[in-house]
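# Just the structure for this:
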Amino acid sequence: MRVTSLLEIAPTPTAVALGNFDGIHRGHCQVIQSLLSACPDQAQGTVVAFDPHPQAFFSGQHQPLLTPLAEKAKLLEALGVDQLVLIPFNQALARLSPQAFVQEILVEQLVAQWVSVGFNFYFGYQRAGTAKDLVEIAGQYQIPVSITAPQTNGAEPISSSAIRAALLQGDLQTAQEMLGRPYDLTGTVVYGQQLGRTIGFPTANLQVPTDKFCPRTGVYSVSVTSPQWAQPQRGVMNWGCRPTVDGQQPSLEVHLLDWSGDLYGHTLTVHLQQFLRSEQKFASLDALKAQIQADCDIARSSLAAVV
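Predicted coordinates:
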């Protein structure tokens, strides 16, 4: 799948799904499937997203993402998308009127033949354009627009913000139901303080992208995959500052239950399965060891049906 931030080199004509698509959750997948099912034969199935995230642009603050670029591209490719076009979100783009956005971006640069959006899509200066406005404006250029209805998880609308809220509460079931898959953290194994091995529980310290959204601090049962392995491995992950050993900076450490070996420099993906407990400070290393053993026992049992 092609990934480009330059509109002028994106192959055209296109059939376009418009949005931020952070998370590629079940609602996003419906927008994309609507696009792919109606995509004309000669058109490139194209997801158009904004970089940086508009919230980050307007707030001037760091915006952690459920799916940083590499992860988003991988998920979109698996769905069958031909290309991901990242439109630089800057002051010039923010000032475009809804009419100018359609004419300059969709018609002139992307040569769009079909457009798919979610019901809550807004565009143009001060988010003045709605999905219904897009239908009307694009219709002036004979471009059909499909609007995907709200997708729900029970009674709750599926959204990236709802998934973030669930992850911060340790509610993995809700996050997984909205995503349609477990929430993942992918990173490279780096050298840490190597304290885990001194108490009998060696860990892999995982360095994840700085723009990756991290869940509630605490201990999780996880499944772990790697390009080096044929099968997933079971594990226990700790995300936090490790107060018992006076940790100062948050770190992500994974103890593999039934595997040992050198992982430094390897890429691992941790699939969050169950939130076990909050991070806490123990009175002694022996108390910490006992709790880690209990965590491992619970994880081994709960992961039996997963791995």
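# The closest residue in space to I298 that isn't next to it in sequence in helix, strand or coil?
Excluding its sequence neighbours, the residue lying closest to I298 (C-beta to C-beta, 6 or more residues apart in numbering) is L276, at 6.1 Å. For every residue, glycine as well, the C-beta is placed using N, CA and C. Look at L276: counting by DSSP: H, G, I helix; E, B strand; the rest coil, its state is strand.
# Tell me, how many residues neighbour L276?
Residues near L276, counting by other C-beta atoms under 10 Å, number 21.
# Also P64?
P64, neighbours per other C-beta under 10 Å, totals 15.
# need the contact list for it.
P64 is in contact with D211, K212, F213, C214, counting by C-beta atoms under 8 Å, 6 or more residues apart in numbering.
# can you confirm L288 is in a strand?
No. Under three-state DSSP, L288 sits outside any strand and is assigned helix.
# May I ask which of the contacts of P64 has the most neighbours?
Neighbour max across those (other C-beta under 10 Å) = F213, 20 neighbours.
# With distance to S302 as new columns, can the contacts of P64 be given to me in TSV?
As requested, the contacts of P64 are exported to TSV (distance: C-beta to C-beta, whole Å):
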residue	distance to S302
D211	30
K212	25
F213	24
C214	22
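# Low-confidence ranges, the stretch 101-250 of the chain, go.
Counting by pLDDT under 70, the stretch 101-250 of the chain shows low-confidence ranges at 193-199, 242-248.
# now the strands: where do they sit in it?
112-118, 145-148, 152-153, 156-157, 184-190, 204-207, 218-225, 233-240 (DSSP state E, counting those that start in this stretch).
# Tell me which of the ones you listed sits nearest to Q169.
strand 218-225 (10.8 Å; C-beta to C-beta).
# angle of that closest one against strand 184-190?
Relative orientation of strand 218-225 versus strand 184-190 (axes from the mean of the first three to the mean of the last three C-alpha atoms, to 10 degrees): 80 degrees.
# re earlier: just so I know, which of the strands of the stretch 101-250 of the chain lies nearest G129?
strand 112-118 (10.4 Å).
# ok, that closest one: who's next to it in the sheet?
strand 14-18 (parallel), strand 145-148 (parallel) (DSSP bridges).
# Give me the distance from the last one to the chain's centre.
I take that to be strand 145-148. 23 Å (C-alpha atoms, centre = their mean, to the nearest Å).
# One more: stretch 87-99?
Per C-alpha atoms, centre = their mean, the centroid offset for stretch 87-99 relative to its chain is 24 Å.
# Which residues outside that stretch are in contact with it?
Contacts with stretch 87-99, where a contact means C-beta under 8 Å, 6+ apart, come from 5, 7, 48-54, 57-58, 101, 104-105, 123-125, 128-129, 133-134, 137.
# and it, which residues are buried?
Neighbour counts over stretch 87-99 (16 or more other C-beta atoms under 10 Å) mark I87, F89, L93, L96, S97, P98 as buried.
# what about that stretch, average pLDDT?
What stretch 87-99 shows for mean pLDDT is 93.
# Can you name the residues that contact the closest residue to P157 other than its chain neighbours?
Leaving out its chain neighbours, the residue that sits closest to P157 by C-beta to C-beta, 6+ apart is P150, at 5.3 Å. Each residue near P150 by C-beta under 8 Å, 6+ apart is listed here: G27, F119, N120, P157, I158.
# my guess is the third one meets L134, correct?
Right, N120. No. Using C-beta atoms under 8 Å, N120 is not in contact with L134, being 12.0 Å away.
# The residue nearest to I298 and S301, how far apart?
Per C-beta to C-beta, to the nearest Å, L276 is found 11 Å from S301.
# Pull up the distance across stretch 149-163, start to finish.
Between the opening and closing residues of stretch 149-163 there is a gap of 18 Å (C-alpha to C-alpha, to the nearest Å).
# residues near Q249, how many?
Counted with other C-beta under 10 Å, Q249 comes out at 6.
# Quickly list the domain ranges of this protein.
When the chain is parsed with automatic domain parsing, its domains come out as 2-150, 183-302.
# Contacts only, for G218.
G218 neighbours (C-beta under 8 Å, 6+ apart): G170, N238, W239, G240, F275, L276, R277, S278, E279.
# before we move on, the earlier item: export the domains of the chain to JSON lines and tack on distance to T174?
As requested, those are exported to JSON lines (distance: least, C-beta to C-beta, whole Å):
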{"stretch": "domain 2-150", "distance to T174": "11"}
{"stretch": "domain 183-302", "distance to T174": "11"}
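# Between the ones you listed, which one is closest to I163.
When the domains of the chain are ranked by distance to I163, counting by C-beta to C-beta, first place goes to domain 2-150 at 5.6 Å.
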